[in-house]
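K.L.:
Predicted model and sequence follow; I will ask about them next.
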Number of protein chains: 4
Amino acid sequence: MKNTFGTSVSVTLFGESHGPEIGAVIDGLAPGLFVDESFIASQLALRRPAGRISTARQETDAFRIVSGVFEGHTTGTPLTVLIPNEDIRSGDYRRGPARPGHADLTAAVKYHGSEDYRGGGHFSGRLTAALVAAGAVIIPALRAKGVLIGTHIARCAGIDDVSFGDDPVPDLEKLNSLSFAVLDEARGIQMRNMIESAAARGDSVGGVLETAVAGLPAGVGEPWFDTVEGVLSHALFSIPAVKGISFGDGFALADMTGSTANDPLRIKDGTPVTETNHNGGVNGGITNGMPLLFRCAVKPTPSIALEQRTVDLLTGEETSLRISGRHDPAIVHRARIVVDSVTALVLCDLLALRFGTDWLSSL
Amino acid sequence: MKNTFGTSVSVTLFGESHGPEIGAVIDGLAPGLFVDESFIASQLALRRPAGRISTARQETDAFRIVSGVFEGHTTGTPLTVLIPNEDIRSGDYRRGPARPGHADLTAAVKYHGSEDYRGGGHFSGRLTAALVAAGAVIIPALRAKGVLIGTHIARCAGIDDVSFGDDPVPDLEKLNSLSFAVLDEARGIQMRNMIESAAARGDSVGGVLETAVAGLPAGVGEPWFDTVEGVLSHALFSIPAVKGISFGDGFALADMTGSTANDPLRIKDGTPVTETNHNGGVNGGITNGMPLLFRCAVKPTPSIALEQRTVDLLTGEETSLRISGRHDPAIVHRARIVVDSVTALVLCDLLALRFGTDWLSSL
Amino acid sequence: MKNTFGTSVSVTLFGESHGPEIGAVIDGLAPGLFVDESFIASQLALRRPAGRISTARQETDAFRIVSGVFEGHTTGTPLTVLIPNEDIRSGDYRRGPARPGHADLTAAVKYHGSEDYRGGGHFSGRLTAALVAAGAVIIPALRAKGVLIGTHIARCAGIDDVSFGDDPVPDLEKLNSLSFAVLDEARGIQMRNMIESAAARGDSVGGVLETAVAGLPAGVGEPWFDTVEGVLSHALFSIPAVKGISFGDGFALADMTGSTANDPLRIKDGTPVTETNHNGGVNGGITNGMPLLFRCAVKPTPSIALEQRTVDLLTGEETSLRISGRHDPAIVHRARIVVDSVTALVLCDLLALRFGTDWLSSL
Amino acid sequence: MKNTFGTSVSVTLFGESHGPEIGAVIDGLAPGLFVDESFIASQLALRRPAGRISTARQETDAFRIVSGVFEGHTTGTPLTVLIPNEDIRSGDYRRGPARPGHADLTAAVKYHGSEDYRGGGHFSGRLTAALVAAGAVIIPALRAKGVLIGTHIARCAGIDDVSFGDDPVPDLEKLNSLSFAVLDEARGIQMRNMIESAAARGDSVGGVLETAVAGLPAGVGEPWFDTVEGVLSHALFSIPAVKGISFGDGFALADMTGSTANDPLRIKDGTPVTETNHNGGVNGGITNGMPLLFRCAVKPTPSIALEQRTVDLLTGEETSLRISGRHDPAIVHRARIVVDSVTALVLCDLLALRFGTDWLSSL
């Protein structure tokens, strides 16, 4: 289904970086959910570039909801959010040298040269604004059902944040109000310094995002193919620059023994729980009631000011490129709210499949 | 779609560890593909437990194809392969203590106690035999179109194999004939020693599988949601014990700068290629014509002989468990052929969507 | 998805008329449903040819359930039913003249001559046995939730049956035990005489099946695309020989005025109901709580003994054909149980999407 | 997927009758197709109400394409068309009596009273404008590949049009320029008189639309579930007021004998063709190269001026209703272009699945 994802609740994404509007259609939402436009705006602000560690392109993200909301609540029919593109300087872009690490070459091959190449066109990270707006409709409804989602910058430019606590809820409450989402403020300052330093060199850095979801019911997900891990990663790999996804202790599990990696079970308040959470809240593709934990590897932003060797897509000849436009020396701090939003969309779908279309608005 | 995966070419998986038969239906295959039953048998043999580093359960995997093949070739209609379960000792299993790290608890919650719990039931790695059989129909057809798939044990019990060469084709040719798939035989011996040592302790080890696909056309995959990374990981996370997936340099990209991570482009034989392949052959979700490279983190087998604390699913009480049945001290060497097979199924689907249903059998 | 249909509950169909086994995988069923093998057998018997008005091919339909059932109840994982083909006389068939009205020509074009042409191969009505077996798992569970499905031969060879009563429940109770499903026995005898008469002439006849579903909750279905009419017809057109589907008064509505076709509303037992049911229980694609009513036009069986002009698929030359094998002078009385079964599968899916995966087994 | 339909090429529909904008996202279109905005406008004009036989609501349908088109051609990424709603008189509507024959009641049940009830909200025929705009992008591209689609009013208010000729191409060429699409002008005048007469009585009439598609390649469609009949009807039943769909001779086939209904085959220009076309160009769910023929039964418009008995959705009490707003005394002449458009969307998807994503723009 390409630009549509989801089964019972789906999102369809459209638009180009330099087209008039981008947007998303969210279908299958439970009716009667309160749509908080100020919360949508605040989520969009968390994604928006800010300060010296982001691109200078400024967007106000003046979104409009043109369907699916009536008298302030979801109708149950498709909710469409449109975000006009502003501050477009198409003169910054022309078909020419493919930017290394970007989709310029693959888009040209796939679409035989018909793609809108301006600013990455349909491949632009700009489109994640529509995902954030879509997620912002769902996040408060999930919260009302006890499901909390949050992501921190677990690592950036080689600097680690501290880990989530065993009960991630206090961390999640704190993270959601931060524009640079780290659990340890001092490490966040170090990270920002590293980002600024990379920017000064005309270079960029990457990082790792770690997400926790608390309050997810046990029994969600499927044993084959539609595992929680599989469905989430399917959607999360759409976020530009994400090149790896792992659950629980992830790649570190590969070095453990079974006696360490297995999470022992015990009874707490009458319910089986695990003593550790190396498996990240999922066994056999299905949630076990513990916090869902996963990590996304975010590569350094490919747009850098340094000169790069490349190929000109017009002439087919080798050339070199120095990208002069606006760009981000790091994307990891902005991608974090996109991860939260995509996670909300995917979980909303899995929960609706499991418990029915009205579950999210039920009392 | 749960136990069905794929759009133009799909696979449906069914069966339980201790039921009479497991199997798979592969739908949407191009007509006229030669079905080589001896190749299917040899692929199944690569997955089968063998020697001291695997479970003692013995299966001959005497598969039967009951539909979709006529006069030795695919018909274009659903191909169904059935594999009888043999050497079943259900007496080894009873509903009781949930095995930590397994899906016993999550299955009981999801299916309210109606699940077939014997030997993991539908969650058993046994079902991957059907995936291997399905993949074995496709792998030779992909090879005939120039697409080669291979996986090596990049790391096991803390020991690294060497890396794929810049041109992975010679490595891929070599790997496909190995039962313990490493590029450096000496390191393979070290790994096997570590596995035997873990087995002797009643414990288990994990590892990392690295896959290369050569010869994949550029322009396959979609920018949003149905990215090559997203679709592959969706399917690959179904392989039991896989807890992380990354493309190209994966999590190591998070520590690089853009000037290192970006793959410079140049012209080779009239076509743009990248000089390095940090991005693993995919940009913006779409293949760029370079080898596709990805890694799967495989956790240590959860079935271990050591005593573990757990909960009894019948009584709801805390207990301890010492698993006495047959089990694998490592699964990574057996999972490798499953990764190849799932990769073949997914790529076959993406190629059929791109180039039409007959592409795989076209000349 | 071709041979797989359904979203939350799906069915995958496989097999060929003269292959070793046909079958179906039903995925997404609620766990804990009792599986009544004798009921499955009795439903299969209703589909099986019988007497002078059917083909002489005899099948015992000795089905086997090889997955998804444990201790007599559904597990919630894929249920696979296999039905061996018996009494196969492949000598009756050879690649040669395309049978007019059959799929011989279209199969040869689509599959480039790789199709299993024996007895219609994958296109054979034989595969509907697997649909009937699949439906027979669901029908009793729907009945336990108050949802009754039944189909009568509303018209055959120009003879009309009487209509369903305003409350179709007594008719549905009666129909389910009949092998030739008419509401008025005398008209059924006339129909059977017409069928025998056509058989004697080497010809065949068609008819119209009318289905009623009582007890379906209001609010099921979607306004666009996944309308109840759209989803049902998508599946029902798979039944061989069905060439038209209509809801409520169907094509007769085209000749009515709005003042007649509109169903007035009133309150009954505190709930809005319609006084008439010209719309067949669906408005705007969504059930309104009234009985669901629809009709399927079944064309006369294309296999007839009379000589027909056609083309030889081997030589590409014009020829004539006199079909000497076993065939049905009418299919309408056998198709009826297939319609019930497909309806059960589709409604089960729509209900699971609406109310969650466990609804069907909930108390 | 509810408001999204299609596999390789899909359409997502959104909006409400009285919201700010309605629209559609068409995904998966081949890149490089010329987008003729004046043709889109002319197709929208054919759907728009006109004269005494339509509602007095006037829309200019000033559509905007906000994504997926660059330099006048499709990019291959999602094409989004937005159509502002104009001439909205919400004062004409309030939550109150359910309009018989409409979705007012079923929407209230399904969405628990959260639906936008103004003018039918999301259920409004108004949304078909977006389908027409979407279809208008595809119709010229299909025509360039030799595929012609056209629909005439085969029957209205009891008056029959003449039938398509054996070669429908001249008829199709003629139909596409007509605003009241009949093959016999005199009968069209009779129909229009009947519609005006119904309008004068405060009543409405229905009809039957017949569609022909010429030039469709043989071998498109699937044997089970994704039959051409099944996929087309799935989509077509979304068109408001369509209550029956049949292929070829449809319900008349039920009264034929096999010797009449079977289409004899012969060779023409080296290719097998049928002498008659009772099966409407489809056998076994797959196109046979003959013109595709199907009929849609369109019920009379439910909005009528005559008093009707109904139930008030606010009070839950019985009441009577006289609809005073603007409404159509017939919809059949406007629905015709919607049928063409939906047919184009569905066929485009089936062709892309069969021949690959680039087929439509290939030379």
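P.N.:
Received it, and whenever you're ready, just let me know what you need. Every value quoted in this text rests on a predicted model; they were computed, and no experiment measured them.

K.L.:
Could you list the low-confidence segments of the stretch 51-200 of chain A?
P.N.:
Across the stretch 51-200 of chain A, the ranges flagged by pLDDT under 70 are A:51-52, A:54-59, A:87-93.

K.L.:
Tell me the residues of it that contact chain D?
P.N.:
Within the stretch 51-200 of chain A, the positions lying close to chain D (CB under 8 Å from any CB of the partner chain) are A:64, A:66-68, A:70, A:73-80, A:82, A:110-112, A:114-116, A:121-122. For the C-beta atoms, the positions are set from N, CA and C on the backbone; glycine is no exception.

K.L.:
Tell me the predicted confidence for the nearest residue to A:M290 once chain neighbours are set aside.
P.N.:
Distance criterion CB to CB, 6 or more residues apart in numbering or on different chains; nearest residue to A:M290, sequence neighbours excluded, is A:G281 at 4.3 Å. Looking at A:G281, its pLDDT is 98.

K.L.:
A:G281 is in contact with A:L293, isn't it?
P.N.:
Yes - under the criterion of CB atoms under 8 Å, A:G281 lies in contact with A:L293, with a separation of 6.1 Å.

K.L.:
Contacts only, for A:I304.
P.N.:
For A:I304, the contacting residues are A:202-204, A:323, A:327, B:258-259, B:262, taking CB atoms under 8 Å, 6 or more residues apart in numbering or on different chains as the criterion.

K.L.:
Now intersect those residues with the helices, please.
P.N.:
In helices, defined here by DSSP state H, the members of the contacts of A:I304 are B:258-259.

K.L.:
got the buried residues for stretch A:267-286?
P.N.:
Judged by neighbour count (16 or more other CB atoms under 10 Å in any protein chain shown), stretch A:267-286 contains these buried residues: A:272-274, A:277-286.

K.L.:
and of those, the nearest to A:S10?
P.N.:
Distances from A:S10 to the buried residues of stretch A:267-286, taken as CB to CB, are shortest for A:G285 (20.5 Å).

K.L.:
In contact with whatever residue of the stretch 251-363 of chain A ends up closest to chain B, which residues?
P.N.:
Distances from the stretch 251-363 of chain A to chain B, computed as CB to the nearest CB, single out A:G284 as the nearest residue at 2.4 Å. A:G284 makes contact with A:223, A:227, B:102-103, B:106-107, B:123, B:240 under the criterion CB under 8 Å, 6+ apart.

K.L.:
what does A:G356 give?
P.N.:
If a contact means CB under 8 Å, 6+ apart, then A:G356 has C:353-356, C:359 as its contacts.

K.L.:
In the residues you listed, which residue is surrounded by the most others?
P.N.:
C:L353 (28 neighbours; other CB atoms under 10 Å in any protein chain shown).

K.L.:
Quick check: chain neighbours aside, which residue is closest to the residue in chain A that chain C sits nearest to?
P.N.:
Per CB to the nearest CB, the residue of chain A with the smallest distance to chain C is A:G356, at 3.8 Å. Computed as CB to CB, 6+ apart, the closest residue to A:G356 that is not its neighbour in sequence is C:G356, at 3.8 Å.

K.L.:
And the helices in chain A?
P.N.:
For chain A, the helices defined by DSSP H cover A:37-47, A:104-110, A:128-144, A:169-175, A:185-200, A:228-236, A:258-261, A:332-355.

K.L.:
Nearest to A:L216, out of the ones you listed?
P.N.:
Between A:L216 and those, the tightest spacing by CB to CB is seen for helix A:332-355, at 6.8 Å.

K.L.:
what does the average pLDDT come to for the closest one?
P.N.:
Mean pLDDT, computed over helix A:332-355, is 98.

K.L.:
tell me which strands and helices that helix is in contact with?
P.N.:
Other helices and strands packing on helix A:332-355, by 3 or more CB pairs under 8 Å, 6 or more residues apart in numbering or on different chains; DSSP states H and E, are helix A:37-47, helix A:128-144, strand A:148-156, strand A:207-214, helix A:228-236, strand A:292-298.

K.L.:
need these in TSV with mean neighbour count and distance to D:K299, can you?
P.N.:
TSV is the format used below for these (neighbours: other CB atoms under 10 Å in any protein chain shown; distance: least, CB to CB, whole Å):
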stretch	mean neighbour count	distance to D:K299
helix A:37-47	18	40
helix A:128-144	24	36
strand A:148-156	25	47
strand A:207-214	26	48
helix A:228-236	26	40
strand A:292-298	28	49
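
K.L.:
would TSV of the ones you listed with distance to C:L127 be doable?
P.N.:
Formatted as TSV, the entries for those read as follows, by distance: least, CB to CB, whole Å:
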stretch	distance to C:L127
helix A:37-47	50
helix A:128-144	41
strand A:148-156	45
strand A:207-214	43
helix A:228-236	30
strand A:292-298	41
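
K.L.:
of the ones you listed, which approaches D:L314 most closely?
P.N.:
The closest approach between D:L314 and any of those, judged by CB to CB, belongs to helix A:128-144 at 26.4 Å.

K.L.:
Of the helices of chain A, which is nearest A:I53?
P.N.:
helix A:185-200 (4.5 Å).

K.L.:
quick one, the closest one and helix A:332-355 angle?
P.N.:
Note on geometry: by axes from the mean of the first three to the mean of the last three CA atoms, to 10 degrees, helix A:185-200 and helix A:332-355 are set 120 degrees apart in direction.

K.L.:
Which other helices and strands does helix A:185-200 contact?
P.N.:
Helices and strands touching helix A:185-200, by 3+ CB pairs under 8 Å, 6+ apart, are strand A:148-156, strand A:159-160.

K.L.:
Could you pull up the residues touching the residue in the stretch 201-350 of chain A that chain D sits nearest to?
P.N.:
For the stretch 201-350 of chain A and chain D, the shortest gap (CB to the nearest CB) falls at A:D349, measuring 11.3 Å. Taking CB under 8 Å, 6+ apart as the criterion, A:D349 is in contact with A:6-10, A:28, A:231.

K.L.:
Could you do A:M256 as well?
P.N.:
In this structure, A:M256 makes contact with A:249, A:278, B:206, B:299-300, judged by CB under 8 Å, 6+ apart.

K.L.:
For the residue of the stretch 51-200 of chain A found nearest chain B, the count of nearby residues, please.
P.N.:
Nearest residue of the stretch 51-200 of chain A to chain B (CB to the nearest CB) works out as A:A103 at 2.4 Å. The burial count assigned to A:A103 is 27, neighbours taken as other CB under 10 Å.

K.L.:
sorry, back to before: got the contact list for the residue nearest to A:M290?
P.N.:
Applying CB under 8 Å, 6+ apart, we find A:G281 in contact with A:213, A:216, A:247-248, A:287-293.

K.L.:
For the residue in the stretch 251-363 of chain A that chain D sits nearest to, which non-adjacent residue is spatially closest?
P.N.:
Using CB to the nearest CB, the closest approach of the stretch 251-363 of chain A to chain D is made by A:D358 at 7.4 Å. Setting aside the residues directly before and after it, A:D358 is nearest to A:A30 in space (CB to CB, 6+ apart), at 5.3 Å.

K.L.:
thought the one you found was touching A:L363?
P.N.:
No - at 11.8 Å, A:A30 and A:L363 do not qualify as touching, with contact defined as CB under 8 Å.

K.L.:
Tell me the residues of the stretch 51-200 of chain A that contact chain C?
P.N.:
Counting by CB under 8 Å from any CB, the stretch 51-200 of chain A comes close to chain C at A:T77.

K.L.:
Pick the one among the contacts of A:G284 closest to D:V332.
P.N.:
The nearest member of the contacts of A:G284 to D:V332, counting by CB to CB, is A:T227 at 48.7 Å.
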